[in-house]
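1. dropping a prediction and its sequence here:
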Amino acid sequence: MSDTLFTKIINREIPADIIYEDDIALAFKDINPQAPVHFLVIPKKPIATINDISEEDRIAVGHLSFVAAKVAKEMGFAEEGYRTVMNCNEFGGQTVYHIHLHVLAGKLLGWPPYTNKPKTLE
Ligand code: AMP
């Protein structure tokens, strides 16, 4: 598998506004924010989609939620609330095939999350 955009961010081959890093995960601000706060938490291991998570990846993938909450507390919006989302494949709206947890905050978020009519209802 060739390097995705996000592997290039991990390797500092392209710039990003990195807000957290440890041995397992990296968090950086989304380039096209959908809320006043919008960042992505990714595993350093390149896993293409949720469907590709193996048994051995379970701790690393759970760690992404731990990092989301840790950064939320540090940034001061944990109590107010936020949303985490991981999109999968075309119907899930996935565009970068290296799993990432979106963290959205800073406004009252609507539900359901889509803005267009879902394809299954067309
Ligand atoms: P998804 O559609 O769930 O695959 O989300 C991919 C996300 O990556 C989108 O929200 C994009 O705005 C974001 N994104 C794409 N390129 C970059 C980049 N170079 N730096 C930060 N975020 C990016």
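-> Cool, the structure landed. Quantities reported herein were computed from a predicted structural model and do not represent experimental measurements. Numbers count the residues shown, from 1 in each chain.
2. so is the lowest-mean-pLDDT helix or strand in the chain next to the ligand?
-> Every helix and strand in the chain was compared by mean pLDDT, DSSP states H and E; the lowest is helix 89-92, with a mean of 96. No: using C-beta under 6 Å from any ligand atom, helix 89-92 stays clear of the ligand, coming no nearer than 7.4 Å. Glycine gets a C-beta too; all of them are placed from N, C-alpha and C.
3. enumerate every residue touching the spatially most central residue of the chain.
-> What sits nearest the mean C-alpha location of the chain, by C-alpha atoms, centre = their mean, is residue 101, with 2.3 Å. By C-beta atoms under 8 Å, 6 or more residues apart in numbering, the residues touching residue 101 are 40-42, 64-65, 68, 84-86.
4. which among those residues count as buried?
-> 40-42, 64, 68, 86 (16 or more other C-beta atoms under 10 Å).
5. from those, which is closest to the ligand?
-> The ligand has its nearest neighbour among those in residue 40, at 6.0 Å by C-beta to the nearest ligand atom.
6. which non-adjacent residue is nearest the closest one?
-> The shortest distance from residue 40 to any non-neighbouring residue, by C-beta to C-beta, 6 or more residues apart in numbering, is to residue 100 (4.3 Å).
7. equivalent analysis for residue 78, please.
-> Closest to residue 78 by C-beta to C-beta, 6+ apart is residue 72, at 4.0 Å.
8. hmm, residue 82 and that neighbour touching each other?
-> Yes: using C-beta atoms under 8 Å, residue 72 is in contact with residue 82, at 5.6 Å.
9. do the top helix by length along the chain and the ligand meet?
-> Using DSSP state H, we find that the single longest helix of the chain is helix 58-75. No: with C-beta under 6 Å from any ligand atom as the criterion, the ligand is not reached by helix 58-75; the gap is at least 13.2 Å.
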